[in-house]
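Q: Fold the following.
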Amino acid sequence: MKEIALIIDSLDKSFSEEGIKGGGNRVSRHLILEWAKNPEINLDVYSSKSSVSQLDGVRQIINLDWHLYGEGEQFFFQLKELLNNKNYDAVIFNDIFSEEGHLILNCNSLPYRYDNCKNFLSSTVLKFLKRKKIAVQKKFLQNKNRKFFAVSNIVKEDYAKNFGIPHENIFTAYPGVELPSKSHEQKDNQIFTFGMVNSGGYNKGVYTLISSLSLLKRAKIPFRLKLIYPKYNNDSFFKVYIKLNKLENDIEILEFQKDMTDFYTSTDCLLLTSFTEAFGLVVLEAASFSTPSIVSSTSGVSEIIFDKENGFLFSMKNNRKKNLFKKMKEVINLKKEKPDEFEKIQKNAYETAKKYSWKNFANTIANNL
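A: Predicted coordinates:
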């Protein structure tokens, strides 16, 4: 029997009825659900103050009003007091950097993110402005003789390079997906329809996407884009950028979707255009509805997507805008001219989703503790 303490940001964010908005929260949720079902694990969950006080299969939930950000001295002092004499086999932190315990790495490091700006001046300025946060990451990762669980090999290489963590101490565990409870038919769109989920932030590559869509329009290739962007009304610059590229009539802006079923079944292909993306759960979620994705080569999920087999890849090297344009054009033409091949890729996308379960993800971590 393994005694495990899982330290997370907030149970509210992971089990909220409003839906889970972040990848880290999804990881927390499914680790708890899977380990709670495992008869070989006794699980205690430590969370910042939340309304969740009990979950089936969890031995105890400890909710505290702690401050996780900045250097977090108060948080770690409280935690050490709580863990004293508990004799856990493993203490695991998810979505939180810590000086002790095992860490789940489901985000790229700050140095990696800024290096991938592909602009030396911007990278230098960002590193200077965020130097204190980078110093905090380095401080929390000084103890390299513990186990780290990366959600992709891209993340593994990132932390090995930027923080000197030995490769043998980092285990890659690909996240999973919940398959739909029932089958859903894809909508037959008269105009090829792309879908994208944008949580905001330059690193999501949304401006690259708009420039590439502009090239599609100039080439007189019909398309539609369904863009989930809850912060759209507050993003004046993005609105102007769409207008400058004359794409107002080609893009449908959507609010946050609690149920993503209609979104996935009404799009022909999902887009993940991020400069940096630790994994990209949205790609597996789309695949679970037989919707393939066009994925950037810098996204972790690109490691399980094979071009024109179970999805599509485009390179972020050199002219990424043109690369994305060419790939979107190729996909549109493939569905129009070779529908059988496109349908095969849809089926393969679904088969890929079936391979990656949350149970396997949780077991990979538990078995390597």
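
Q: use CA for all of it now, contacts and neighbours both
A: Fine.

Q: Go ahead and report the secondary structure state at the closest residue to residue 256 other than its chain neighbours.
A: Spatially, and ignoring its direct neighbours in sequence, residue 256 is nearest to residue 230 (5.5 Å; Cα to Cα, 6 or more residues apart in numbering). Here residue 230 is recorded as coil under DSSP: H, G, I helix; E, B strand; the rest coil.

Q: and the gap between residue 230 and residue 210?
A: 17 Å (Cα to Cα, to the nearest Å).

Q: ok so, going back, the residue nearest to residue 256 against residue 258, yeah?
A: No. At 11.9 Å, residue 230 does not count as touching residue 258 under the criterion of Cα atoms under 8 Å.

Q: quick one on the thing from earlier: compare residue 230 and residue 210 (neighbour count), which wins?
A: residue 210 (21 against 17; other Cα atoms under 10 Å).

Q: out of everything not next to it in sequence, what's closest to the more buried one?
A: Nearest non-adjacent residue to residue 210 (Cα to Cα, 6+ apart): residue 242, at 7.0 Å.

Q: which element follows the helix or strand harbouring the one you found toward the C-terminus?
A: Assigned by DSSP states H and E, residue 242 falls within helix 236-244. Per DSSP H and E, the first helix or strand lying C-terminal to helix 236-244 is strand 251-254.

Q: so residue 45 makes contact with residue 57?
A: No. In this structure, residue 45 is not within contact of residue 57 by Cα under 8 Å, at 11.0 Å.

Q: More neighbours: which of those two?
A: residue 45 (23 against 18).

Q: Assumed that one was part of a strand.
A: Yes. Assessed with three-state DSSP, residue 45 lies in a strand.

Q: check contacts around it.
A: Residue 45 makes contact with 5-8, 58, 60-62, according to Cα atoms under 8 Å, 6 or more residues apart in numbering.

Q: One more pass at 7 Å, please.
A: When contacts are counted by Cα atoms under 7 Å, 6 or more residues apart in numbering, residue 45 touches 5-7, 60-62.

Q: Kindly report the same for residue 165.
A: Contacts of residue 165 by Cα under 7 Å, 6+ apart are 144, 159.

Q: Mind doing that once more with 10 Å?
A: 141-148, 156-159 (Cα atoms under 10 Å, 6 or more residues apart in numbering).

Q: Nearest to residue 345 among these?
A: residue 156 (28.6 Å; Cα to Cα).

Q: For the closest one, what are phi and psi?
A: The main-chain torsion angles of residue 156 are listed as degrees, to the nearest 10 and equal phi -60, psi -50.

Q: what are the ranges of the helices in this protein?
A: 11-15, 23-37, 73-83, 110-115, 120-129, 131-140, 153-163, 206-218, 236-244, 261-265, 281-287, 320-337, 339-355, 358-367 (DSSP state H).

Q: Is it possible to get TSV of these that adds mean pLDDT and distance to residue 193?
A: Below are the helices of the chain laid out as TSV (pLDDT from 0 to 100; distance: least, Cα to Cα, whole Å):
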stretch	mean pLDDT	distance to residue 193
helix 11-15	82	31
helix 23-37	92	25
helix 73-83	80	46
helix 110-115	83	30
helix 120-129	72	34
helix 131-140	84	40
helix 153-163	96	30
helix 206-218	95	12
helix 236-244	94	17
helix 261-265	96	11
helix 281-287	96	14
helix 320-337	97	9
helix 339-355	97	14
helix 358-367	95	29
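
Q: out of these, deepest packed?
A: Highest mean neighbour count of the helices of the chain: helix 281-287, a mean of 24 (counted as mean count of other Cα atoms under 10 Å).

Q: Mind checking which residue lies nearest the centre of this protein?
A: Nearest to the mean C-alpha position of the chain, by Cα atoms, centre = their mean, lies residue 280 at 3.7 Å.

Q: Provide a list of residues in contact with the nearest residue to it once chain neighbours are set aside.
A: Among residues not flanking residue 280 along the chain, residue 301 sits closest, at 5.6 Å (Cα to Cα, 6+ apart). Counting by Cα under 10 Å, 6+ apart, residue 301 makes contact with 151-154, 174-175, 272, 277-284, 295.

Q: and of those residues, the nearest to residue 315?
A: Distances from residue 315 to the contacts of residue 301, taken by Cα to Cα, are shortest for residue 295, at 8.8 Å.

Q: The closest one against residue 320, yeah?
A: No. Using Cα atoms under 10 Å, residue 295 is not in contact with residue 320; the gap is 11.9 Å.

Q: overlap in contacts of those two?
A: In contact with both residue 295 and residue 320: 273, 314, using Cα under 10 Å, 6+ apart.

Q: ok, back up a step: what's near enough to touch the residue nearest to residue 210?
A: Residue 242 touches 207, 210-211, 213-214, 248-251, counting by Cα under 10 Å, 6+ apart.

Q: Give me the neighbour count for residue 184.
A: 14.

Q: now the one 5 residues further on
A: Taking other Cα under 10 Å as the neighbour definition, residue 189 ends up with a count of 11.

Q: was I right about it contacting residue 222?
A: No. Contact criterion Cα under 10 Å: residue 189 and residue 222 do not qualify, at 11.6 Å.

Q: Compute the number of surrounding residues for residue 199.
A: 15.
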